[in-house]
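[1] Need a 3D model of the sequence below.
(chains A and B)
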Number of protein chains: 2
Amino acid sequence: MKFIHTADWHLGKLVHGIYMTEEQRYILEEFIELVKEEEPDAVVIAGDLYDRSVPPTEAVELLDEVLFRINVELDTPIVAVSGNHDSAERLSFGSSWYKHSQFYLKGKISADFTPIHIKGVNFHCVPYAEPGTVRQVLDDDSINSHHAAMEAIVNRIEEHMNPDEPHVFVGHAFVLGGKTTDSERTLSVGGSGCVGADVFKPFHYTALGHLHSPDAIRHKSIRYSGSLLKYSFSEAAQRKSVTIVEMGEDGTFECREKVLQPKQDMRELHGHMEELLDPAFYQSQKVNDYLKITLHDEGTLIDPINQLRQVYPNVLHLERKRDLTDAKKKNSFQILEDKKRSELDLFKEFYKDMTTGEFNGEKENVVRNVIDIARREVDHA
Amino acid sequence: MKFIHTADWHLGKLVHGIYMTEEQRYILEEFIELVKEEEPDAVVIAGDLYDRSVPPTEAVELLDEVLFRINVELDTPIVAVSGNHDSAERLSFGSSWYKHSQFYLKGKISADFTPIHIKGVNFHCVPYAEPGTVRQVLDDDSINSHHAAMEAIVNRIEEHMNPDEPHVFVGHAFVLGGKTTDSERTLSVGGSGCVGADVFKPFHYTALGHLHSPDAIRHKSIRYSGSLLKYSFSEAAQRKSVTIVEMGEDGTFECREKVLQPKQDMRELHGHMEELLDPAFYQSQKVNDYLKITLHDEGTLIDPINQLRQVYPNVLHLERKRDLTDAKKKNSFQILEDKKRSELDLFKEFYKDMTTGEFNGEKENVVRNVIDIARREVDHA
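    Sure, this is the predicted structure:
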């Protein structure tokens, strides 16, 4: 039995003020091609289909179209749960109708833990839920953390598990590391929002969503597929992929990753303006990528972002190397101290922050004059 | 062939700050009972299923449940279009899956006007759309009003109409009167948002939503079902019902109304406090109804709404008969004049507005003193 494990599509996501919908459409086309090629027995989506409970209508239309093509046109069963970014109720609308074509969407947690059988494999679907909700649904007052909630859910699931069949858990949670250290375990039990990996022992494979990197956890049977796209520069170095799992009748499985290539990557560039604007350099670059650029230049620069955007239209964030160094130097204590410093000293620092040039004696005289004039005017007012 | 025509459910509606969801659930239970009894070949919902594009989750869950029970559990085909209160895109999600169980939901207008066939009858579904949208969808620049848009749509529909079969139009629009007078016709063509009734000539029956009264139009083949519930006091005198249509193979039909009884009616009460609070009166009243009360009392009343709510817990609006008379007297010219009048005169009027008691000489002296003191304090400040 073969299934593709994906998660964290985050349709309707805004990144640095830009809607990712067209990027998402592009990568989902690639995903649909993969489904055509691989002909899996199921597609598993482990939560966060949308980025927010009320997504923009473009995202609603995109999800509708993509799921219809996979499920109905390619005749592929879909198993999906809602994540913490989805609205369980809104996502659930219509799910009763989807089942007949083997589209199993579990939006809201309920006390019914009947698994979904597809080609001999049991899929146990557990949407994201707050501990308080699970406490109510299971009528168990002892539940006061995500870990306890998941433990209670898995206990319920185990009551009816056929030990002779393979079992896959599909969920959306923050699961703490494979080789769980004691300190992590304490943390997870203490109600920090984490769930200890041991909880998932009864399952042959645990298909997770929530963390965006496929390397988020190193465990032989628990896996995050990772998100569909890079959704922040902190993910710039991550590869984005889906996981293809082939499971035998005894629950043993092999899995491989399929990297998806976005139309425009999200990555970082470092260098001097001159270098970055040199055709010899940028002609070898995918200039349309979403970029965070860190400039190494010193001295005054006039409107660098607009100069850079002539070449790199999708610069989303610009930093200067000095800023970083300065930011490290500056601490909140110093900011408080600023109040006691003279206008001239404050201006000196401002000048250094903005220009990287030297604030020499001549400049100092000009500014001192301006400050004197301003002060006299205030005094006479 | 028998179908039930309903519209304007407005799930998620707030009336005077109160969510109608529980009222709506009650009346929809009654509607489901009617479907069980009548066993129609279809249920037709002519738009405004929701009250707004992003309805509260309770409304989403209620609609999901009700439609599932009618369509799947009672095995009844549903034909529905979106209204101006619905979000065409959001309501459309999942509609491709619903068709297999004969739930035909047309959320977004498109150039595909293929009708839905149910037991020999053609249902032509036209969701609410702005003229600009229709202009784009039909690629027809001459469309600049609702009337022109509907005319163009009906022309398209007519191209493929089989004249030997019965045809039902399902839509959501503001259609102007049956015996269309010339002036109304001019109005409708002039882009006022109205559609002339003549446009619907090709159809044996036109099932409309938008206007909330079943008497909104008097025409032999065009009908508003009216809303499910009274949604404002201006509808207090309207009866609320659904229409049951039985249509022959030649398109002739008979229709009858089925009045639905809400748990709590919305109505108006008039009288004096003493009268309204007299058990002999209120014991014959459905005191839990949603009420607008008009008091006929003169003179000062202390917190009348709370006194009334001891007996009538759902008073939504309270008026005094004097207010109405005064409101008519007062015009904007007078308000402008207020600026020129003395504080004492203004207070006299305010006193009369608020109390209905006489502003006698003794009271006048008290207020004159207060005004004098206040003025002296301002002068010395």
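
[2] quick one, strands of the stretch 151-300 of chain A?
    For the stretch 151-300 of chain A, strands defined by DSSP state E, counting those that start in this stretch occupy the ranges A:167-172, A:174-176, A:194-196, A:205-209, A:222-224, A:241-247, A:253-259, A:266-271, A:290-295.

[3] my bad, the stretch 1-150 of chain A
    With strands called from DSSP E, counting those that start in this stretch, the stretch 1-150 of chain A shows them at A:2-6, A:14-15, A:18-19, A:42-46, A:78-81, A:103-106, A:116-118, A:121-126.

[4] Show me the one of those that comes nearest residue B:243.
    Of all these, strand A:103-106 sits nearest to residue B:243, with 34.9 Å by C-beta to C-beta. Every residue, glycine included, has its C-beta placed from N, CA and C.

[5] what ranges of the stretch 201-350 of chain A fall below the confidence cut-off?
    A:322-340 (pLDDT under 70).

[6] In it, which residue sits nearest chain B?
    Of all residues in the stretch 201-350 of chain A, residue A:228 sits closest to chain B, at 19.3 Å by C-beta to the nearest C-beta.

[7] Would you confirm that that residue contacts residue A:260?
    Yes - Residue A:228 is in contact with residue A:260 according to C-beta atoms under 8 Å; the separation is 7.0 Å.

[8] which residues do those two both contact?
    A:27, A:31, A:240, A:242 (C-beta atoms under 8 Å, 6 or more residues apart in numbering or on different chains).

[9] Make CSV from the residues you listed and add distance to chain B to it.
    Shown next, in CSV, are the shared contacts of residue A:228 and residue A:260 (distance: C-beta to the nearest C-beta, whole Å):
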residue, distance to chain B
A:27, 21
A:31, 19
A:240, 26
A:242, 23
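
[10] among those, which are in helices?
    Judged by DSSP state H, the shared contacts of residue A:228 and residue A:260 include A:27, A:31 as members of helices.

[11] could you flag which of the shared contacts of residue A:228 and residue A:260 are buried?
    A:27, A:31, A:240, A:242 (16 or more other C-beta atoms under 10 Å in any protein chain shown).

[12] which two of those residues lie the greatest distance from each other?
    A:31 and A:240 (11.0 Å).

[13] Spit out the residues that contact these two alike.
    Shared contacts of residue A:31 and residue A:240, counting by C-beta under 8 Å, 6+ apart, come down to A:228, A:260.

[14] now the biggest helix by length in chain A, how far from the centre of its chain.
    For chain A, the helix with the greatest residue count under DSSP H is helix A:361-380. Taking C-alpha atoms, centre = their mean, to the nearest Å, the mean C-alpha location of helix A:361-380 is offset from the chain mean by 50 Å.

[15] With stretch A:92-111 instead?
    25 Å.

[16] what about it and chain B, any contact?
    Yes - using C-beta under 8 Å from any C-beta of the partner chain, stretch A:92-111 reaches chain B at A:92, A:93, A:94, A:96, A:97, A:98, A:100, A:101, A:103.

[17] from the residues you listed, which would you call buried?
    A:92, A:93, A:94, A:96, A:97, A:98, A:101, A:103.

[18] Out of these, the closest to residue B:298 would be?
    Distances from residue B:298 to these, taken as C-beta to C-beta, are shortest for residue A:93 (53.6 Å).

[19] picking up where we left off before, need the winner for burial among the strands of the stretch 151-300 of chain A.
    Each of these was scored by mean neighbour count; the highest is strand A:205-209, a mean of 28, by mean count of other C-beta atoms under 10 Å in any protein chain shown.

[20] and that strand, what does it pack onto?
    Judged by 3 or more C-beta pairs under 8 Å, 6 or more residues apart in numbering or on different chains; DSSP states H and E, the packing partners of strand A:205-209 are strand A:42-46, strand A:167-172, strand A:222-224, strand A:241-247.

[21] Now do the first one against strand A:205-209, angle only.
    Same thing as strand A:42-46. Angle of strand A:42-46 versus strand A:205-209, following axes from the mean of the first three to the mean of the last three C-alpha atoms, to 10 degrees, is 50 degrees.
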